[in-house]
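In: pasted the sequence and its predicted model underneath.
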Amino acid sequence: MEAARELQAADGAQVDAIPVDLSSYDGVEELYEQICARGRPVDAIAINAGVGVGGEFAGETSLEDEIRLIHLNVESTVHLAKRVLPDMVARHTGRVLFTSSVAGIMPTPLEAVYGASKAFVLEFSASLHHELKGSGVSVTALMPGPTDTDFFRRAGLEDTKVAEKAKQNDPADVARMGFEALMSGDERIVAGNLEVKAQGVAARFVPEGAKAAMHQAMAEKKTKRDGE
């Protein structure tokens, strides 16, 4: 609601805030119904709702939190795309931006379900990008590195190296990179500073075991590393 007010005040644009729970089937349906009620076609959409869960899968995280993550990061992404894409294809125009993550191209110990969800989004986006070539509809995957948002506090990852890295990446810069890639019709964009971009390139050549070890070191809590 606050973001909607700020945008409207800054640009004078009409901004409608629709509070729904996208982790539920009914929430996604309500959002789509509200979109249709406006009577305007969807020219572009950013499907980016997501959460993280940090900790050891077998001993620290809760099943309830991880199932909710899957509902939001995976199911709602497919559900909303299934609603908006047929209309775009019928009109031969439209743009879709899915938010994946650089976490989607590596094993993610201590964020096992989150990383898997972002790998799903990345492959789903790539598949649709190729399916829809020539249709007038473009599909782009945004792959941010650690970004300075509230994500790490909500995921229980504040006390980690990756949370420190996040402070080096401005969300406004990441959003700009995503928008530019969307408007260019790119298949994917690794968004962040030079270190993040280098990580995206290197991930294609680094062995899976090495990537897993690097991620675990970044996601491990400092108190645990220090033996406290």
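Out: Nice, I can see it.

In: quick check: next helix or strand after the longest strand that the chain contains?
Out: Looking across the chain with DSSP state E, the single longest strand is strand 137-144. Elements were assigned by DSSP states H and E; along the chain past strand 137-144, the next helix or strand is helix 151-154.

In: quick one: contacts of the longest strand of the chain?
Out: With CB atoms under 8 Å, 6 or more residues apart in numbering as the test, strand 137-144 has contacts from 48, 85, 88-89, 92-102, 104-105, 121-122, 125-126, 128-129, 132, 169, 174, 177-178, 181-182, 185-192, 196, 200. Backbone N, C-alpha and C define where each C-beta goes, glycine included.

In: any of these buried? List them.
Out: Neighbour-count burial within these applies to 85, 88, 94-102, 104-105, 121-122, 125-126, 128-129, 132, 169, 174, 177-178, 181-182, 186, 188-192, 196, 200; the criterion is 16 or more other CB atoms under 10 Å.

In: among those residues, name the ones in strands.
Out: Checking the buried ones among the contacts of strand 137-144 against DSSP E, those in strands are Gly94, Arg95, Val96, Leu97, Phe98, Thr99, Arg188, Ile189, Val190, Ala191.

In: and the longest helix anywhere in the chain, what does it pack onto?
Out: For the chain, the helix reaching the highest residue count under DSSP state H is reported as helix 112-131. Counting contacts by 3 or more CB pairs under 8 Å, 6 or more residues apart in numbering; DSSP states H and E, helix 112-131 packs against helix 63-70, helix 76-91, strand 94-99, strand 137-144, strand 188-191.
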